[in-house]
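> Quick check, what structure comes out for this input:
(2 chains)
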Amino acid sequence: MITKLDSMLLPRKKFIYHYKNVRWARGRHETYLCFVVKRRVGPDTLTFDFGHLRNRSGCHVELLFLRYLGALCPGLWGYGAAGEKRLSYSVTWFCSWSPCVNCSIQLCQFLNNTPNLRLRIFVSRLYFCDLEDSLEREGLRMLTKAGVRISVMSYKDYFYCWQKFVDCKKSNFKAWEELHQNSVRLTRKLNRILQVEDPKLQGDGCANLSWFS
DNA sequence: ATTTTCAAT
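I've put the predicted structure just below:
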């Protein structure tokens, strides 16, 4: 079991403030990314490393993560010794915001060039996804097409993060008001975003009713 | 009813 020094863990207040999935997340001018890196060896996956990052001076946290990826996943690009299988990694991350379109594009490109890396994303809130035709929505669809599974965090995910990434001093995770409702609402929203390939092909919703006539 | 968003000052 890998553990971290307390100083490497997120303070409780910081985690709650930045991961709170409230409707109007005023003042969250930072984004946090908690990650778990697993090394895939045959059918087994072993936790290799975990931690958290925060965006820095103009660099979104997702791109910061890509910068560190080489260090986090040794051998990801290397060619192993003769007869040795190339190493495969799985990364799961929990981000306080969903990625912007630029980060999504860069992630897609990166993943296309790195087939031995699998990425699974959980997000607490959806970033600029209110408008039907927002580029951020399109970015999320691109990621899905690139094989990334994206989900909205639910209670069990916050609970897991609290145990894993937060300096929780053994205290139990306490849900805030409306955690569940907000998670359900955002999940529905994300599902709608990911289902709609092309809104123009969707029809007006009445077409499906022809089933009943 | 309305409010925000990986700041800028």
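> what's the neighbour count on A:Y17?
By other CB atoms under 10 Å, the residues close to A:Y17 number 15. (Each C-beta comes from the backbone N, C-alpha and C, glycine too.)
> Find me whatever residue is spatially closest to it, sequence neighbours aside.
Excluding the flanking residues, the one nearest A:Y17 by CB to CB, 6 or more residues apart in numbering is A:R28, at 7.5 Å.
> which sections of chain A are below the confidence cut-off?
A:1-3, A:5-7, A:79-85, A:196-213 (pLDDT under 70).
> How much space separates the most centrally placed residue in it from A:K20?
Geometric centre of chain A, nearest residue: A:I121, 2.6 Å, by CA atoms, centre = their mean. The spacing between A:I121 and A:K20, counted by CB to CB, to the nearest Å, is 18 Å.
> Over to A:V101?
24 Å.
> got it, and A:C108?
29 Å.
> can you check A:G75 too?
37 Å.
> Equivalent analysis for A:H60, please.
For A:H60, the distance to A:K20 - CB to CB - is 20 Å.
> likewise A:L186?
For A:L186 relative to A:K20 (CB to CB), the value is 12 Å.
> quick one, which of the two is more surrounded?
A:L186 (22 against 18).
> Which residues are in contact with the nearest residue to A:L126 once chain neighbours are set aside?
Nearest residue to A:L126, sequence neighbours excluded (CB to CB, 6+ apart): A:S98, at 4.9 Å. Contact analysis of A:S98 by CB atoms under 8 Å, 6 or more residues apart in numbering lists A:121, A:123, A:125-127, A:129, A:136, A:140, A:150.
> Among those, find me the one that's closest to DNA strand B.
A:Y127 (4.4 Å; CB to the nearest atom of the strand).
> Correct me if wrong: the closest one contacts A:W97.
Yes: using CB atoms under 8 Å, A:Y127 makes contact with A:W97 at a distance of 4.2 Å.
> Looking at these two, which is more packed in?
A:W97 (25 against 21).
> any idea how far DNA strand B is from the more buried one?
A:W97 is 4 Å from DNA strand B, where distance means CB to the nearest atom of the strand, to the nearest Å.
> A:F122 is in what secondary structure piece?
strand A:117-125 (DSSP states H and E).
> ah, wrong one, I meant A:Q181
Going by DSSP H and E, A:Q181 is in helix A:179-195.
> Tell me the buried residues in that helix?
A:179, A:182-183, A:186, A:190, A:193-194 (16 or more other CB atoms under 10 Å).
> Spell out which parts of chain A neighbour DNA strand B.
A:23-31, A:55, A:57-58, A:60-62, A:95, A:97-100, A:103, A:125-128, A:130 (CB under 7 Å from any atom of the strand).
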